[in-house]
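K.L.:
Quick one: sequence and predicted model below, then my questions.
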Amino acid sequence: MAKVTIDPITRIEGHLKIETEVEGGVVKDARSTGNLFRGIEIILRGRDPRDAQVIAQRICGVCPKSHGMAAALCLDSAFGLGDKIPDNARLMRNLIQGTHVVQDHILHFYHLGALDYVDVTDVAKYQGKDSELNSVKDFIGRGALGPFVPRYEGDYRLPVEVNQMATAHYLQALDIRRMGHEAVAIFGGKIPHSVGIVPGGVTAVPTVDKITALLWKVKKLQDFVDNVYLPDVLAIAGVYRDYLEIGAGCGNLLSYGGYDLQGDNADLTRRKRLFKQGTVSADLKPQELDIARVTEGVKYSWYEDSASAKHPSQGETKPAYGKEGAYSWLKAPRYGGEVYEVGPLARVAVSYASGDPVITQLVDSALGELNAPPSALFSVMGRHLARAISAKVIADNLVKWLLELKPGEPTYVEYEIPDESMGMGLIEGSRGALGHWIEIKDKKIANYQAVVPTTWNASPRDDDGNPGPMEQALIGTPVKDKENPFELVRIVRSFDPCLACSIH
Amino acid sequence: MVKEIPLVWLPGAACTGCSVSLLNTASPTIKNLLVDPVIPGVHINLRFHPTIMAGSGEMAIKALEDTMAQEKGGYVLAVDGAIPTGATADYCVMGERDGKPVTIETRFLELAQDALAILAVGTCASFGGIPAGDPNPSNCVPVRQALELHGIQKPLINIPGCPPHPDWFVGTVASILLVGLPNAEDLDDNLRPKAFYGKLIHENCPRRAYFDEGKFAKKFGDEGCLYELGCKGPITYADCPTRHWNSGTNWVIGAGSPCLGCTQPEFMSLPYYEKVTDVQLPVIGAYWQSEEAE
């Protein structure tokens, strides 16, 4: 038995360690350890409830808008505004979050994921006239190759020209994702950590000049997703075909649904949304979402055991670093006591299983192009593909939402902070099902709990000893070369982990 | 011949927002920063940055430790995030040594000893920021305090903001490359470059005329000065009103939101949507009067 430890896992957000036991070339056991605790839930206690929208957003600088939205929905519900948000505000929230998430998916595939598949050093052989590629060639020629080398070696499979083209797309994607953030800033002021979304609606006013400016940024995003991102994912999946089977994981998927299509239903678990709420398993039969079934265990997490297996509305955060048997700062969220994966794969699969016509067509067409069955979605490449499809579905709706805006109509409703209340916000963040829960006493935050996508995916064992989704995806994987464990980092990165999020 | 300036980026108790903000740099672009000589004849050689570097695990840590050993006194250390200390130092660890996790505090102190200069990127590294918010569960300290606690003297520049504008980071680095490390008079008491943090938001705010006329927004979406809604512009030093964010697209007050005071040491200690009261509000001309007084 050999131990393969990777610490830090890079090209993700935050501090993650993966430990595996490899026997006979196969992963027998895996442990995922989150290595940074800040205690933002503790810091929120005692503050003005409205501050939650500002501070919870700062749980993560990669997906701040996801937390910003979840916090706003959580406060809307605590303030009794869940069915009173004006349509303009609902649409502008969709636009702020949607542009951010499309940008985030592009960032993940090209700047976090791609270096596992694309050999940038092939640009040294470039003979063409593209000035960007020639500047990379000069860079390679100078010989100081950080941050692109060192890296694992021995499994780069793309032909030279494809590596060169993919590197050009890596550079193009840097510009496109920057522009995606410009799109967020039009109604969000700035990003990361934008403003704009607040309980009660939004702070910005939709004017024709802003709508038009955003329209053309959105069109560029859409064009890139259709003509570069989605084709690149299919091309790479076609070459790394074994990754349509590697990293299947737990086989249970959970989605909270996202992007509100109606504003007059306070029940977030039933509200009409672009992506549907619910769960699916390997049989791809959709089940309705029952939020009461969510719990967080801490038996293997560095928290006091008294806080274990509670619903997040009653959740506690009591750090106990070094607790016997524990090995991570992540709690272990479970649904009905079972292990569930969240993320773009779950988001797309729940809508696919529910028969959403647009998503069904996109998934079937992509699988057809790869000549792969629906079960191939449960894999490393399945996650990348679902993320690209998620980006396309969102991008295709942005123009529609923009044109539904009505300049001059309300964007905000006033409210009083209640003396006592409870609230819940559920959305699909970039990385999957995201829930925020608040308890207000004496007009202050008495308790705040966030159960975050990566908390689900990178969780340690639960109170019953069942490994988390990412751990399960690693266990059983053949590792060809323990010095260059490509398989392990490719599996981990397919989840797009965000550790600052997951522990908060 | 291109001169290589090694840069190491250490993430402490952070959210990676400072790095994502740096990705948004418009001119030079992030590609120009990473790949091209950013100033003719000088290339920033990013040796270690966990969010973007290709290598993982021991390979990545080796790149960090090799830089420390081989470039003694010659590398720039950028830190984002605050630094958990004392009994809670192991609330933030990265990589192992002899099978034991190494705290970010240890890594920071090792790197700081031999750095050419240190850049505290963002409000957490500069002032403690988010994780140091009451009751500071992980005993986070800013870079300046960590250096003082251990008696390390190194040139330090704070580049606060939650996150900082990419121009503030790029401009500070470019200034070092072009004219050398800043003099004491180039920085304010909080070690912020005056070039970017020299003036109050309130002094250059396009809604300032509303303030002077006493026309205040009562709810979001209203015309008027956002002071009554909690704007921290009167106590916050940064050039957001003139620089604007995300390639000049917009800024906080441009989206109808009050300034949150994110470049200030007191960012976490004030309620964001309550009016600032215990402050002597500046009046028209106050800045110039104070300049003359000096």
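P.N.:
Everything's here; your move.
K.L.:
Checking the closest residue to chain B within chain A next. Helix, strand or coil?
P.N.:
The minimum distance from chain A to chain B, using Cβ to the nearest Cβ, falls at A:G61 (2.0 Å). (Each C-beta comes from the backbone N, C-alpha and C, glycine too.) The three-state assignment at A:G61 reads coil, by DSSP: H, G, I helix; E, B strand; the rest coil.
K.L.:
So for it, what's the nearest residue that isn't a sequence neighbour?
P.N.:
Nearest residue to A:G61 in three dimensions, chain neighbours excluded: B:G17, at 2.0 Å (Cβ to Cβ, 6 or more residues apart in numbering or on different chains).
K.L.:
mind listing what that neighbour touches?
P.N.:
A:58, A:60-62, A:64, A:192-193, B:122, B:162-163 (Cβ atoms under 8 Å, 6 or more residues apart in numbering or on different chains).
K.L.:
same thing but 7 Å
P.N.:
Listed by Cβ atoms under 7 Å, 6 or more residues apart in numbering or on different chains, the contact set of B:G17 reads A:61, A:64, A:192-193, B:163.
K.L.:
interface residues of the stretch 101-250 of chain B facing chain A?
P.N.:
Within reach of chain A by Cβ under 7 Å from any Cβ of the partner chain, the stretch 101-250 of chain B has these residues: B:130-131, B:133-135, B:137-138, B:162-163, B:219-221, B:245-247, B:249-250.
K.L.:
Tell me, what's the model's pLDDT at the residue in the stretch 51-200 of chain B that chain A sits nearest to?
P.N.:
Closest to chain A within the stretch 51-200 of chain B is B:P137: 3.2 Å, counting by Cβ to the nearest Cβ. Confidence at B:P137, expressed as pLDDT, is 98.
K.L.:
Dump stretch B:1-14 to CSV, restricted to CA.
P.N.:
Provided in CSV are the C-alpha atoms of stretch B:1-14 (Å, rounded to 0.1, in the frame of the first residue of the first chain):
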residue,chain,number,x,y,z
MET,B,1,18.2,40.3,-22.3
VAL,B,2,15.1,40.2,-20.1
LYS,B,3,15.5,40.5,-16.4
GLU,B,4,13.4,38.1,-14.4
ILE,B,5,11.9,39.3,-11.1
PRO,B,6,10.6,36.3,-9.1
LEU,B,7,7.2,36.8,-7.4
VAL,B,8,5.7,34.4,-4.9
TRP,B,9,2.0,34.7,-4.0
LEU,B,10,1.1,33.3,-0.6
PRO,B,11,-2.6,32.8,0.3
GLY,B,12,-3.5,33.1,3.9
ALA,B,13,-7.0,33.3,5.4
ALA,B,14,-8.3,34.6,2.1
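K.L.:
Does chain A have contacts with it?
P.N.:
Yes: Stretch B:1-14 is in contact with chain A by Cβ under 7 Å from any Cβ, via B:2, B:4, B:13-14.
K.L.:
And stretch B:54-64, by the same measure?
P.N.:
Yes: legend: contact between stretch B:54-64 and chain A by Cβ under 7 Å from any Cβ is shown at B:54-57, B:59-60, B:63.
K.L.:
List the contacts of the closest residue to B:A146 other than its chain neighbours.
P.N.:
Nearest non-adjacent residue to B:A146, counting by Cβ to Cβ, 6+ apart: B:I83, 4.9 Å away. The contact partners of B:I83, by Cβ under 7 Å, 6+ apart, come to B:12-13, B:104-105, B:108, B:140-141, B:143, B:146.
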